[in-house]
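Q: task: produce atomic coordinates for the following.
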Amino acid sequence: MNILVTGANGQLGSELRLVAQHSKDRYLFTDVAELDITDADAVLQTVQNEHIEAIINCAAYTNVDKAEDDAALAELLNASAVRNLAVAMNKVGGLLVHISTDYVFGGNLNNTPCTEQQPTNPTGVYGRTKLLGEQAVIESGCWHLIIRTAWLYSEFGKNFVKTMLALTADKPELKVVFDQTGTPTYAYDLAAAIFDIMENRKFEGRTGVYHYSNEGVCSWYDFTRMIAEIAGHTACDIQPCHSSEFPSKVVRPSYSVLDKTLFKQTFGVRIPYWTDSLRVCISNLTEQNS
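A: Residues are numbered from 1 along each chain as shown. Down below sits the predicted model:
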């Protein structure tokens, strides 16, 4: 099977490179330098020339705050480009695996994990454009798996874990919000789950929206405390604070824990607990820096 991965230099794409090294399938990893997915003709030409049967779309505009001032570009990458991928897959009868976000639920006042059937209500440009991308996939009529995830981190690129490792190592005191609750997701775990679905053809006969994050629940404050504890950064005094103490252009979801029941039942995937995966990632980062 010929599988195209877009946004291959990002966190999830980089992890997919690792897990797919010995795949029985042929993976073609591309980023903007190799393929501009905002160019519909270029997308279709690549799909046809490379005989692509599935696309895993890891590309996205993910800067939540900056998106408020760059709405046109966010929509171009998160919606229009996604439509190009979906249309191309529909033309060749292929599968589109599209990565979406918990931010589609930003305006909901939730106190139980979000299911795939729950009404969406994003509050900012990022969430709205990602929802537009989901809608473009569905409206295209292509065979698809839309996978919403949350709080993604890895050994690659810029992310919360790497930022907090640096801050808790250097600062004597740190304030972190405790009134936003979700679940950290190790990009390697998500990549491994997607690879399993593809490699073992678990996608056959499946289409629709699914949720994936690591197991468990925490606030950003709890997340930071655990990062510092695992790293041994005990000198930093980490204190909880309200979101209002850090004014933002975007109202972030106060509770966006994703219900993974459908994903686990459909694909038979065992999902690791968030602290276990965090330990693996920090261990890998420590080895890299030693």
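Q: could you pull up the residues touching residue 3?
A: With contact taken as Cβ atoms under 8 Å, 6 or more residues apart in numbering, residue 3 is in contact with 25-28, 52-56, 198. Glycine gets a C-beta too; all of them are placed from N, C-alpha and C.
Q: how far is stretch 96-108 from where the chain is centred?
A: On the basis of Cα atoms, centre = their mean, to the nearest Å, stretch 96-108 is displaced by 9 Å from the centre of the chain it belongs to.
Q: picking that back up, so of the contacts of residue 3, which ones are in helices?
A: Among the contacts of residue 3, the ones falling in helices (DSSP state H) are residue 198.
Q: what's the following helix or strand after the strand or helix carrying residue 84?
A: Using DSSP states H and E, residue 84 sits in helix 81-92. Next helix or strand after helix 81-92 toward the C-terminus (DSSP H and E): strand 95-101.
Q: between that next one and helix 81-92, how many degrees?
A: Interaxial angle of strand 95-101 relative to helix 81-92 (axes from the mean of the first three to the mean of the last three Cα atoms, to 10 degrees): 160 degrees.
Q: just the CA trace of strand 95-101, in PDB.
A: Output of strand 95-101 as PDB, limited to C-alpha atoms (Å, rounded to 0.1, in the frame of the first residue of the first chain):
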ATOM      1  CA  LEU A  95      -8.500   6.700   2.600                       C
ATOM      2  CA  LEU A  96      -7.800  10.000   4.300                       C
ATOM      3  CA  VAL A  97      -6.700   9.800   8.000                       C
ATOM      4  CA  HIS A  98      -7.000  13.400   9.200                       C
ATOM      5  CA  ILE A  99      -5.800  14.700  12.600                       C
ATOM      6  CA  SER A 100      -8.100  17.100  14.400                       C
ATOM      7  CA  THR A 101      -8.300  18.600  17.800                       C
END
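Q: tell me the strands beside it, with direction?
A: strand 54-57 (parallel), strand 143-149 (parallel) (DSSP bridges).
Q: neighbouring contacts of that strand?
A: Residues contacting strand 95-101 (Cβ under 8 Å, 6+ apart): 12, 53-58, 60, 82, 85-86, 89, 126-127, 130-131, 133-134, 137, 142-150, 194, 197-198, 203, 209.
Q: so residue 270 lies in a helix, does it not?
A: No: counting by DSSP: H, G, I helix; E, B strand; the rest coil, residue 270 falls outside a helix, being coil.
Q: pLDDT weak spots in the stretch 101-250 of the chain?
A: Within the stretch 101-250 of the chain, the set of residues satisfying pLDDT under 70 is empty.
Q: and the helices in it?
A: Along the stretch 101-250 of the chain, counting by DSSP state H, counting those that start in this stretch, helices occupy 125-140, 160-170, 187-199, 220-231.
Q: looking at these, spot the one closest to residue 240.
A: helix 220-231 (4.5 Å; Cβ to Cβ).
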